[in-house]
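Enquirer: make a model of this:
(chains A, B, C and D)
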Protein chains: 2
Amino acid sequence: MEAFKRAWTLEGEPFWSAVFFMHQDKMQVKNPKVAIFNLEKIITATFKLANAKGFQAMSLRDLSRETGISMGGLYAYIGSKNDLASVIEGVLRTYIDRVIGELVDEDLDPVDRLQAIICGEIFMIQIMNPWYYFCYMELKGLDKEQQQQAMDLELRFDSLLVDAIQSGISKGQFVCEKPTLLAASVTAQLQQWHLKHWKFKLHEVSMEEYAEHILESMLRCLQYEGAARSIGRRK
Amino acid sequence: MEAFKRAWTLEGEPFWSAVFFMHQDKMQVKNPKVAIFNLEKIITATFKLANAKGFQAMSLRDLSRETGISMGGLYAYIGSKNDLASVIEGVLRTYIDRVIGELVDEDLDPVDRLQAIICGEIFMIQIMNPWYYFCYMELKGLDKEQQQQAMDLELRFDSLLVDAIQSGISKGQFVCEKPTLLAASVTAQLQQWHLKHWKFKLHEVSMEEYAEHILESMLRCLQYEGAARSIGRRK
DNA sequence: GTCTATACAACGATAGAC
DNA sequence: GTCTATCGTTGTATAGAC
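Expert: So this is what the prediction gives:
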């Protein structure tokens, strides 16, 4: 988990530095040191406010108060309010794209491939929780093109699962009539990890426990022989 | 399906009449005939606008244009903008409560019980699609009390599934280590029917096909003996 | 690079004529 | 029961001092 974070540069100063360099062209503040510091404050505050009462309901005056940066000051970092949401979606999509690209390892056994995809994605969601939640809930507010790209990305993730399923079918390990529906169901369950965090907290379910449950359920649906025994073996 | 609609009065004039009588005390317009007619126009227009760009982003001027009712006129039907959202959530929750209450039939075989719950809920979502989507996406904008009630309702639905699962376990029909997680997963899959309508449309999946898929997957997870054969038998 | 001050459009909401 | 006209507020965004 910690290794995963470091491997993808998903936290700390290096991460925010990468976010900064992704759109420094749109920013007036050129000094990286101060720009990175404040950009993190702005985006973090946006998550706090938007994930509590919605991005549209959050005003830039709220954001100014929360960050301690004046209204005028904010506009040195963002082009407009909508631009802020757009940037956040863009960063997350870029990162997911990058991780998804690496998640494809056709040499692995189908079961291990599924495990890699599920664990990889749930790690991602766990680490970038507010990013996922924000993009899920505020997608409507972005322009049509960005909405389409987000949908395409989700379909690409589903395809990743479908490919692994079909590889298992052709190897005689799995039986599945509707791989598309099964993949969509797994994606839905993964998204629950950020959408329904309150429920997992209430039932005291850990991330590892949940990932294992998703994989195990999936293998049962695939009528995988070692489904029951795989619980202890894979850890 | 049609019988289901009629049985629960989920469509047409009788439905909107019921909605009207639920909040006629809050409305200035007392003539039922005209009140019901316009209330339907207002709520339908709210769904169109809010489900396209979000409730907060929708202005009452938008709503006025869409309904053909003047700004001043709108306030004869709603107390405030937030009141409108609150009313919508209240109506849906009342109806779900009513249907859920009837879905408990302890005499049924556990498998039939699960099928009744899944089919009942997906019928509900299908018929009241915009209501569900609106309440899911705009819950953050409502007051804490209403948010809590919505969460309680979802937990109550999960419990319905857990009860049926446990009844099957004690009868020796099912095997399940974590009924709570399985129930949450089924709830998530049902919610997809309104959350990800675009995906099912893209893959040309019908409601009946999807309901069957959810039930079948669930039975496999429960290691139900007749899982494979149940597909043809239950229709 | 950050602030204060301000522009001005759009918002929710109401009063009062009809 | 519905409209027009208008109130006061709040929103995003910018100009210009420092």
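Enquirer: buried stuff in the host helix or strand of residue A:201?
Expert: Per DSSP states H and E, residue A:201 falls inside helix A:197-202. In terms of neighbour count (16 or more other Cβ atoms under 10 Å in any protein chain shown), helix A:197-202 has its buried residues at A:199, A:200. All C-beta spots, glycine's among them, are computed from the backbone N, C-alpha and C.
Enquirer: past that helix, which element shows up next along the chain?
Expert: Counting by DSSP H and E, what follows helix A:197-202 is helix A:207-221.
Enquirer: model confidence for residue A:228, exactly?
Expert: Residue A:228 is assigned 58 on the pLDDT scale.
Enquirer: again with residue A:1
Expert: On the pLDDT scale, residue A:1 gets 75.
Enquirer: about what we covered before: what residues does the helix holding residue A:201 touch?
Expert: A:129, A:192, A:193, A:210, B:151, B:154, B:155, B:184 (Cβ atoms under 8 Å, 6 or more residues apart in numbering or on different chains).
Enquirer: narrow those residues to those in strands?
Expert: Nothing among those maps onto strands, per DSSP state E.
Enquirer: could you dump those to CSV with pLDDT?
Expert: As requested, these are arranged in CSV below (pLDDT from 0 to 100):
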residue, pLDDT
A:129, 98
A:192, 98
A:193, 98
A:210, 98
B:151, 98
B:154, 98
B:155, 98
B:184, 99
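Enquirer: residue A:92: which of those is nearest?
Expert: For the contacts of helix A:197-202, the residue nearest residue A:92 by Cβ to Cβ is residue A:129; the value is 11.0 Å.
Enquirer: let me see the contact set for the closest residue to that closest one other than its chain neighbours.
Expert: Excluding its sequence neighbours, the residue lying closest to residue A:129 (Cβ to Cβ, 6 or more residues apart in numbering or on different chains) is residue A:194, at 5.2 Å. Residue A:194 makes contacts with A:125, A:129, A:132, A:133, A:136, as judged by Cβ under 8 Å, 6+ apart.
Enquirer: what subset of the residues you listed is buried?
Expert: A:125, A:132, A:133.
Enquirer: now flag whichever of the residues you listed is closest to residue A:170.
Expert: Distances from residue A:170 to the buried ones among the contacts of residue A:194, taken by Cβ to Cβ, are shortest for residue A:125, at 29.8 Å.
Enquirer: that closest one contacts residue A:190, correct?
Expert: Yes - using Cβ atoms under 8 Å, residue A:125 is in contact with residue A:190, at 6.6 Å.
Enquirer: domain assignment for chain A?
Expert: Chain A breaks down into these domains under automatic domain parsing: A:2-79, A:106-233.
Enquirer: of these, give the one that comes closest to residue B:60.
Expert: Among the domains of chain A, domain A:2-79 sits nearest to residue B:60 (Cβ to Cβ), with 14.4 Å.
Enquirer: the closest one and DNA strand C in contact?
Expert: Yes - Domain A:2-79 lies within reach of DNA strand C by Cβ under 7 Å from any atom of the strand, at A:28-31, A:34-35, A:38, A:68-73, A:76.
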